[in-house]
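Peer 1: Only the shape, not the letters, is given here:
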């Protein structure tokens with residue numbers, strides 16, 4: 001039985017409701033605080049660069065859409081990227097700092113730096129003060145430290161002083177680098193960033209074909225696949241064992257954004273790979289263990305490993321289904337889009353306290369084993385915006401262009 005999708009007015013109201021939940025996010029040190037279940041800053045936790053960058057991004061989008069208070073929140077969080085979280089001695093950004101402003105993570109991560117580029121891009125499009133020099137520094141750091149032009153791939157981590165790269169290579173940082181590169185290219189007009197994104201995406205096209213749509217996430221320094229990493233701690237929030245269902249959905253969408261951005265210059269196979277990734281994620285991950293919802297990870301035969309339902313996976317499923325429907329016009333994608341929004345409203349959306357529950361157990365009851373609190377608005381806010389926008393340009397530029 002088909003379900004009705006949410007209206008544009010409902011999506012607009014939900015976006016505003018999510019942003020209202022995060023209105024207290026600015027940390028006293030600068031940057032963005034980790035938010036608890038009620039939207040209050042949890043000052044016992046570090047200030048994270050990736051959370052700060054995501055909050056600059058979503059409140060920058062709010063500013064572009066005229067949501068009251070968004071510009072000031074985005075500007076205050078952006079100031080944390082320019083001061084508290086920036087390594088003034090060695091350059092680049094710490095992963096996080098403690099209550100005294102001291103770094104709690106000594107490595108410099110591509111994942112965090114990709115989000116700084118995304119934040120800078122959105123801030124530039126939104127016209128926030130300090131955005132242009134931040135984006136210039138972020139892109140320069142990324143090109144000199146994380147972009148391996150000889151391979152068309154990214155280095156995952158360095159030590160604090162940039163003395164040596166760590167041996168690990170990962171698909172998560174690759175994915176968010178593609179997202180950031182598309183945004184940087186749109187914000188600056190420098191299409192070289194789009195071309196770099198295409199080179200990175202070629203890895204995913206090859207992996208999807210080789211592993212039947214279940215993307216390996218972890219690699220050695222020579223990009224040899226490591227299928228066993230973290231088997232002993234499979235619910236790792238950033239490097240879980242096995243195939244990550246939500247990343248298959250996220251890649252399915254990003255490949256379509258890349259195709260739309262490059263037009264006739266797009267590499268072959270992006271739509272076919274998007275379809276493969278989407279169908280594999282749905283087959284392996286959706287409603288496979290007696291209750292609705294996406295499992296977090298599977299093994300390499302497609303059997304669930306971590307059955308926890310993460311809010312971000314449902315959000316990426318919604319966005320991927322919307323993108324594929326926009327690209328193909330096929331009704332099956334529209335049906336999934338409506339079905340997953342109905343699931344979000346019934347199980348994830350917290351109508352009493354705000355935002356979405358970040359994590360549910362196998363009976364779709366809230367739990368907090370991986371993600372305590374509600375630190376992240378990024379996936380949910382984007383799920384309310386992406387279905388109303390064209391596949392290109394990227395999100396901030398598209399909001400600025402359309403006013404939606």
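Peer 2: Done, it's in. Source: prediction; values computed, not measured.
Peer 1: Residue 275: how many residues sit nearby?
Peer 2: Around residue 275 there are 20 other residues, counting by other C-beta atoms under 10 Å. Backbone N, C-alpha and C define where each C-beta goes, glycine included.
Peer 1: Now it: which helix or strand?
Peer 2: Residue 275 is located in helix 270-285, with elements delineated by DSSP states H and E.
Peer 1: Contacts for stretch 362-370 next, please.
Peer 2: For stretch 362-370, the external contacting residues (C-beta atoms under 8 Å, 6 or more residues apart in numbering) are 235, 237, 289-293, 307-310, 347, 357-361.
Peer 1: hmm, try it at 10 Å
Peer 2: Outside of stretch 362-370, the residues within contact range by C-beta atoms under 10 Å, 6 or more residues apart in numbering are 37, 235-237, 240, 289-293, 295-296, 304, 306-310, 343, 346-348, 350, 357-361, 374.
Peer 1: and those, which are buried?
Peer 2: Among the contacts of stretch 362-370, the ones that count as buried by 16 or more other C-beta atoms under 10 Å are 37, 235, 240, 292-293, 295-296, 304, 306-310, 343, 347-348, 350, 357-360, 374.
Peer 1: From those residues, which land in strands?
Peer 2: Of the buried ones among the contacts of stretch 362-370, the ones assigned to strands by DSSP state E are 304, 306, 309, 310, 359, 360.
Peer 1: before we move on, back to that, in the helix holding residue 275, which residues are buried?
Peer 2: 270-271, 273-278, 280-282, 284-285.
Peer 1: Check stretch 161-178 too.
Peer 2: 165, 168, 169, 170, 171, 172, 173, 174, 175, 176, 177, 178.
Peer 1: so the fourth one sits right up against residue 225, yeah?
Peer 2: No: with contacts defined as C-beta atoms under 10 Å, residue 170 does not count as touching residue 225, sitting 11.4 Å away.
Peer 1: Residues that sit against both of the two, list them.
Peer 2: Common neighbours of residue 170 and residue 225 (C-beta under 10 Å, 6+ apart) are 216, 217, 218, 219.
Peer 1: residues touching the nearest residue to the second one once chain neighbours are set aside, list them.
Peer 2: Looking back up the chat, that one is residue 217. Counting by C-beta to C-beta, 6 or more residues apart in numbering, residue 217 lies nearest to residue 171, which is 4.6 Å off, once chain neighbours are set aside. If you count contacts by C-beta under 10 Å, 6+ apart, residue 171 has them with 154, 156, 200, 203-204, 207, 215-219, 225, 239, 244, 247, 251.
Peer 1: mind redoing it with 8 Å?
Peer 2: Neighbouring residues of residue 171 by C-beta under 8 Å, 6+ apart: 203, 204, 207, 215, 216, 217, 218, 219, 247.
Peer 1: Equivalent analysis for residue 158, please.
Peer 2: Shown in contact with residue 158 (C-beta under 8 Å, 6+ apart): 92, 107, 108, 145, 164, 165, 166.
Peer 1: Give me the distance between the fifth one and residue 157.
Peer 2: Which is residue 164. Going from residue 164 to residue 157 by C-beta to C-beta, to the nearest Å gives 10 Å.
Peer 1: Likewise for the fourth one?
Peer 2: In this structure, residue 145 and residue 157 are separated by 10 Å, where distance is defined by C-beta to C-beta.
Peer 1: Now do the shared contacts for the two.
Peer 2: residue 108.
Peer 1: more neighbours, those two?
Peer 2: For residue 145 versus residue 157, neighbours defined as other C-beta under 10 Å are more numerous around residue 157 (20 against 17).
Peer 1: Show me the helices in the stretch 151-300 of the chain, by range?
Peer 2: For the stretch 151-300 of the chain, helices defined by DSSP state H, counting those that start in this stretch occupy the ranges 171-188, 192-210, 245-262, 270-285.
Peer 1: List the contacts of the last one.
Peer 2: Spelled out, that is helix 270-285. So helix 270-285 is contacted by 201, 204-205, 208-209, 212-215, 243, 245-246, 248-249, 251-253, 255-256, 258-259, 294-295, 298, 302, 304, 313, 317, 320-321, 323-324, 327-328, 336 (C-beta under 8 Å, 6+ apart).
Peer 1: beta partners for residue 309?
Peer 2: With DSSP bridges as the criterion, residue 309 is bridged to residue 360.
Peer 1: what residues are up against the residue lying closest to residue 344 once chain neighbours are set aside?
Peer 2: Sequence neighbours aside, residue 314 is the residue nearest to residue 344 in space, at 5.5 Å (criterion: C-beta to C-beta, 6+ apart). Residues near residue 314 by C-beta under 8 Å, 6+ apart: 293, 294, 340, 343, 344, 348.
Peer 1: any idea how far residue 302 lies from residue 171?
Peer 2: Going from residue 302 to residue 171 by C-beta to C-beta gives 18 Å.
Peer 1: now swap in residue 149 and tell me
Peer 2: To residue 171, residue 149 is 19 Å away according to C-beta to C-beta.
Peer 1: re earlier: possible to save the ones in strands among the buried ones among the contacts of stretch 362-370 as a markdown table with distance to residue 396 and pLDDT?
Peer 2: Formatted as a markdown table, these follow (distance: C-beta to C-beta, whole Å; pLDDT from 0 to 100):
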| residue | distance to residue 396 | pLDDT |
| --- | --- | --- |
| 304 | 36 | 98 |
| 306 | 32 | 97 |
| 309 | 29 | 97 |
| 310 | 25 | 97 |
| 359 | 28 | 97 |
| 360 | 30 | 98 |
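Peer 1: which of these sit farthest apart?
Peer 2: Pairwise distances across those peak at 15.5 Å for 304 and 359 (criterion: C-beta to C-beta).
Peer 1: ok, the residue nearest to residue 176 when sequence neighbours are not counted - how many residues close by?
Peer 2: Spatial nearest neighbour of residue 176, excluding adjacent residues (C-beta to C-beta, 6+ apart): residue 114 at 4.2 Å. Close neighbours of residue 114, defined as other C-beta under 10 Å, add up to 28.
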